[in-house]
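Participant: Output the structure for:
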Amino acid sequence: MQASGLAAPALSAVQERLAGLAGFSESEVLRNRLLRAAPLLSRLPLDRASIDHPDWAALLDAVTVQETRMFRAAPQIAAFRAEVLPALAARGALTLVSAGCATGEEAWTLAILAAGAGVPWQVEGLDLCRPALEAALAARYRLGPPDALREVPQADRAMLDIADGWFEPAENLRPHVAFRRANLLDACLPDEAADAILCRNVLIYMTEEGRLAVLRRLVAALRPGGALLLGPTDRPTRDIGLRPWSRDLIGIWRREGADG
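Facilitator: Numbers count the residues shown, from 1 in each chain. As a prediction, the model looks like this:
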């Protein structure tokens, strides 16, 4: 089978390198994105795969899934705000992380939540895709359609500047939010640095080995008693140092330890 001059074995070799680089699992989604990026594949040095190599970086930009929106999975966000964030804020200043932040909407969601917690705070967004990170930093988004603010509570819209078919976070949020290119398979955060990490719909695109490696790194990055927000299909193994935050909170996990 040929795809824009690229033979199927070469496609498999690229998929294998992507699994090693970023934990991407073979899937129809990845294959279709690779086929669309065929002009990039023809010049990839298979023996020098690196997220910092310009050709591999361009491919990662092309194949990384960037589905996100403000207050995505609103029930989980509401539960985090009501039941988890006050307990974290009671310990002092907050550090919140969006791991796999895409174009930044979930990082800015965390910023809106943190701004109401009554303590000093900072948010960091991490992603591999350079164009997505540029969009996250610019933080100027189209209203839709579909309605980009459909899950944002009315009261929280006061933290957004909305006009002429666009919205952006209020200016007072921006100094507290930073974005950084990072591979979640690497040690991208210091140990015990974060009070809460949001990592939703990232692990579903990864190999089993990649998922476990990323989960272990995220747990290590949490302070004892910190919270990890995962997608509904992301089930940590029992030996990873997490337990459910409570019986009623789906997808919110607490790091075990002295404060947990």
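Participant: residue ranges of the strands in the stretch 101-250 of the chain, please?
Facilitator: Ranges of strands in the stretch 101-250 of the chain, per DSSP state E, counting those that start in this stretch, are 121-127, 141-142, 160-163, 166-169, 177-181, 194-199, 222-230, 242-244.
Participant: Now do the buried residues in the third one.
Facilitator: Pointing back at strand 160-163 there. Under the neighbour-count criterion of 16 or more other Cβ atoms under 10 Å, strand 160-163 has Leu160 buried. (Each C-beta comes from the backbone N, C-alpha and C, glycine too.)
Participant: What lies in contact with that strand?
Facilitator: Contacts to strand 160-163, defined as Cβ atoms under 8 Å, 6 or more residues apart in numbering, come from residues 70, 143, 149, 152, 167-171.
Participant: would you list the residues you listed in a markdown table and tack on pLDDT, distance to Arg31 and neighbour count?
Facilitator: Written out in a markdown table, the entries for those read as follows (pLDDT from 0 to 100; distance: Cβ to Cβ, whole Å; neighbours: other Cβ atoms under 10 Å):
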| residue | pLDDT | distance to Arg31 | neighbour count |
| --- | --- | --- | --- |
| Met70 | 98 | 30 | 23 |
| Leu143 | 97 | 33 | 14 |
| Leu149 | 98 | 33 | 19 |
| Val152 | 98 | 34 | 21 |
| Phe167 | 98 | 35 | 21 |
| Glu168 | 98 | 35 | 16 |
| Pro169 | 98 | 36 | 23 |
| Ala170 | 98 | 41 | 14 |
| Glu171 | 97 | 42 | 8 |
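Participant: For Arg235, state which of those is nearest.
Facilitator: Looking at the contacts of strand 160-163 and their distance to Arg235, the nearest is Met70, at 26.1 Å (Cβ to Cβ).
Participant: quick one: contacts for the closest one?
Facilitator: Met70 touches 105-106, 108-109, 141, 148-149, 151-152, 160, counting by Cβ under 8 Å, 6+ apart.
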